[in-house]
Structures are given as C-alpha cells and as structure tokens.
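**Q** turn this into a structure:
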Amino acid sequence: MTYRPVALLLLPLLAAAASPTVSEKSPGDQLTPAEALEALQRGNLRYRESHSVHPNQSMRRRIEVSSAQHPFAQILTCSDSRVSPEIIFDEGLGDLFVVRVAGNVVDEAIKGTLEYGAGHLGVPLIVVMGHSGCGAVAAAAHTEEAHDHIVSLMDAIFPAVLEAREQPGDLVENSVRENVRRWVAHLRRSWPTLYRMHGNGEIAIVGAVYDLRTGTVEWLDAAPVPTP
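**A** Numbers count the residues shown, from 1 in each chain. Okay, the predicted model is just below:
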C-alpha cells in the first residue's frame, strides 16, 4: 500500500515510453513520408503532455551516429530561441535535419540544403514550420522600412503579409500561416530535385505552425495528430 501513489504517478510516464518512437527502427530502415510525419506528431504529443522520453541522447547514440547520419525528417523553421525542433518533437541526435533562419524563409542556399537532405540523405519528409508571435513576420507586417541585411528577410516575408491583409483576424498570426503556405508551395515547385521527388511521392513537403504557449504543432495540410 505504501508504494501505490508512486506507481500511479509513474503510469503516465510508462505509457509515454511505450508509445512508438522512430528510434525503434534501425538506421538502415527507410521511413515513408507518412511514417515520418506520424513520428513527429507522436513526439509533439509526448512533449506537450510532459511525457517526453528524450530518445537518442546517450553516449552510445553519439558514437553510433558519428560515422553516418540517417535523419527521418527535415525541419525548416525560425531561428527563434524558443523553437527547438529536437525538443518540440522529442527526438535526439541524428533524428532531425534542421535548417533555421529568421522567418523560416527560403533562399538558394536553403533550397540546396534541403535538396541535400532529400537527395543524398534520403530524408522522406520536409516540414516548413512557423510559430506564433514570430518577430520577423511581425516586423514585415508593421514596419514600413528596414535596414541593412534585414531588408532581405522583410522582402521574403512581405508577400505573405499582403495575402493576410485580406483575411479577418490577427494580421501577424494570419501572416505566419500564409508565410508557411507560401514556402511549402515554393519548395514543392523547386526544380528539379524537390519538384521531382515530391511529384513521385518519394518525399512529402508539409506546413506547420508551433504555438509558443501550448507547445502544440498545428499541421496546416497534413493528417491529424494520432492518439498515443
């Protein structure tokens, strides 16, 4: 009887640990785009419910991936310090191929990086992830002029702001979503590698928005989050 409360407290953690993670597959196993997406959705579910299992963060894992990497998803997201994909999706070393830039915008170097991940590393999923309260998007929405190299960021985000101005609701949050949708569409059309691989079903390119307060990743054009 003395140990009953402790056991009850451990039940949620044990249930979370029992939920499948991508680490159950060996490095040579290739996930499908749908399996990769489900792995991210389950990881985010664990994280936002405080059931993170922190996989693949051991010394053994560090040594294992020192000779080769087999990430199962690419995450293009903002440089914001509150948006850390490995934490948000409860993953570890070698699991995610992460590209970060303010406003999660795309230029030629970023396209080349994503092409490398898809074509050379065989990563089946690309996620373009914005987030609530994005400062870069807010600057594009409310600042009439920018200086120095920040101009390139504002120019890249502003078309999404123009689209969002026609929508009801909060301008910045609508712009965040439009910015994600715009870059998803841009990458799907990126010739030749991403266009071909997406068209053939070898990879999926999807959009998402992370809520800083709740920890929830909202998928803009993907299947709903699975149950544990």
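
**Q** alpha carbons of stretch 168-188, as CSV, please.
**A** What follows is stretch 168-188, C-alpha atoms only, in CSV (Å, rounded to 0.1, in the frame of the first residue of the first chain):
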residue,chain,number,x,y,z
PRO,A,168,-10.2,38.6,-41.0
GLY,A,169,-8.4,38.1,-37.7
ASP,A,170,-4.9,38.9,-36.4
LEU,A,171,-2.6,40.1,-39.1
VAL,A,172,0.6,38.7,-37.7
GLU,A,173,-0.8,35.2,-37.0
ASN,A,174,-2.5,35.1,-40.4
SER,A,175,0.8,36.2,-42.0
VAL,A,176,2.6,33.4,-40.2
ARG,A,177,0.4,30.9,-41.7
GLU,A,178,0.5,32.4,-45.2
ASN,A,179,4.3,32.6,-45.0
VAL,A,180,4.4,28.9,-44.2
ARG,A,181,2.0,28.0,-47.0
ARG,A,182,3.9,30.2,-49.5
TRP,A,183,7.2,28.5,-48.8
VAL,A,184,5.7,25.0,-48.9
ALA,A,185,4.3,25.7,-52.3
HIS,A,186,7.6,27.2,-53.4
LEU,A,187,9.5,24.1,-52.3
ARG,A,188,7.1,21.8,-54.0
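
**Q** show residues contacting it.
**A** Under the contact criterion CB atoms under 8 Å, 6 or more residues apart in numbering, stretch 168-188 has outside partners 76, 103-106, 111, 114, 126, 128-134, 137-138, 140-142, 157, 159-161, 163-165, 167, 194-195, 198, 205-209, 220-221. Any C-beta I mention is one placed from the backbone N, CA and C, and that applies to glycine too.

**Q** show the buried residues in the residues you listed.
**A** 76, 103-106, 111, 114, 126, 128-132, 134, 137-138, 140-141, 157, 160-161, 163-164, 194, 198, 205-209 (16 or more other CB atoms under 10 Å).

**Q** do you know the pLDDT at residue 226?
**A** Residue 226 carries a pLDDT score of 53 in this model.

**Q** now do the SS call for residue 126.
**A** strand (DSSP: H, G, I helix; E, B strand; the rest coil).

**Q** what's the neighbour count on the closest residue to residue 203 other than its chain neighbours?
**A** Closest residue to residue 203 apart from its sequence neighbours, by CB to CB, 6 or more residues apart in numbering: residue 197 at 4.6 Å. The local packing of residue 197 (other CB atoms under 10 Å) involves 20 other residues.

**Q** quick one: distance of the helix or strand encompassing residue 197 to the chain centre.
**A** Following DSSP states H and E, the helix or strand that holds residue 197 is helix 193-199. Chain-centre distance of helix 193-199: 19 Å, with CA atoms, centre = their mean, to the nearest Å.
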